[in-house]
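Student: Generate a structure from the sequence data that follows.
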Amino acid sequence: MENMIFLVTVPNGTLYYCCRKIQQSLWKEYNLGKDVLPEIHLTIDAFYYRDLEEVEKIKTALHEITHKIAPFEVTSNGFGYIPHPHNCITLHIVKTEELKNAYHLIHNAMQERGFRVRAFSPEEIVFHISLAGTHGREWSEEENLHAWNKMRDFKLKERAFIDELELWYPEIDPNARFISRMKLEDIGKMK
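Tutor: Next up, the predicted model:
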């Protein structure tokens, strides 16, 4: 398996609070684990790397690129289900023009700089927040479907203002996962 790092955002306010409460409920009901819960986050893009030197180059490039992006809003719109082998319950995030444009700018700029990115075009990517299934006890497809059927018709519509992105290793431990934080400023529009 290749090494990957992830560009994410941690939503704030009611969206974060609702996600955390639902995540806690799922983990408790299905006994998915007693460890630290994974941080609620929305993955924007992911990058392959060979070594720590390449991680530093990715970090530097992202700091340069993200200064061209204005803060934006994300909106949830119900739940999703990713079947076996992932068995994941997710919160769907609406692909607004702002979110799609931010992804497109970052994805293309990183490719142009020679970095290896996940192979999703702006049209293909499905934005979501994973709530259960990616960490903790491996739950069965039956358990996952049961949870999905309980949640599928509930339309959680919450918003969050995104003004920073973070670069992470795929680790639950906050001290092991954090690489860097980038403030969204859109210097192209600043006076």
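
Student: how would you label Leu37: helix, strand or coil?
Tutor: Following DSSP: H, G, I helix; E, B strand; the rest coil, Leu37 is assigned to coil.

Student: tell me the pLDDT at it?
Tutor: At Leu37, the model reports a pLDDT of 87.

Student: How about Ala132?
Tutor: 88.

Student: same thing with the one 5 residues further on?
Tutor: At Arg137 the predicted local confidence, pLDDT, stands at 82.

Student: what helix or strand is it on?
Tutor: In the assignment (DSSP states H and E), Arg137 maps to no helix and no strand.

Student: Pull up the distance across stretch 32-46, start to finish.
Tutor: 26 Å (CA to CA, to the nearest Å).

Student: My guess is Leu184 contacts Ile106. True?
Tutor: No. Judged on CB atoms under 8 Å, Leu184 makes no contact with Ile106 at a distance of 10.9 Å. Where you see a C-beta, it was placed from the backbone N, CA and C, and this is true even at glycine.

Student: residue ranges for the strands of this structure, please.
Tutor: Taking DSSP state E as the criterion, the chain carries its strands at 3-9, 42-49, 72-82, 88-93, 128-132, 159-162, 164-168, 178-183.

Student: Out of those strands, which one sits most buried?
Tutor: Among the strands of the chain, ranked by average contacts under mean count of other CB atoms under 10 Å, first place goes to strand 128-132 (a mean of 23).
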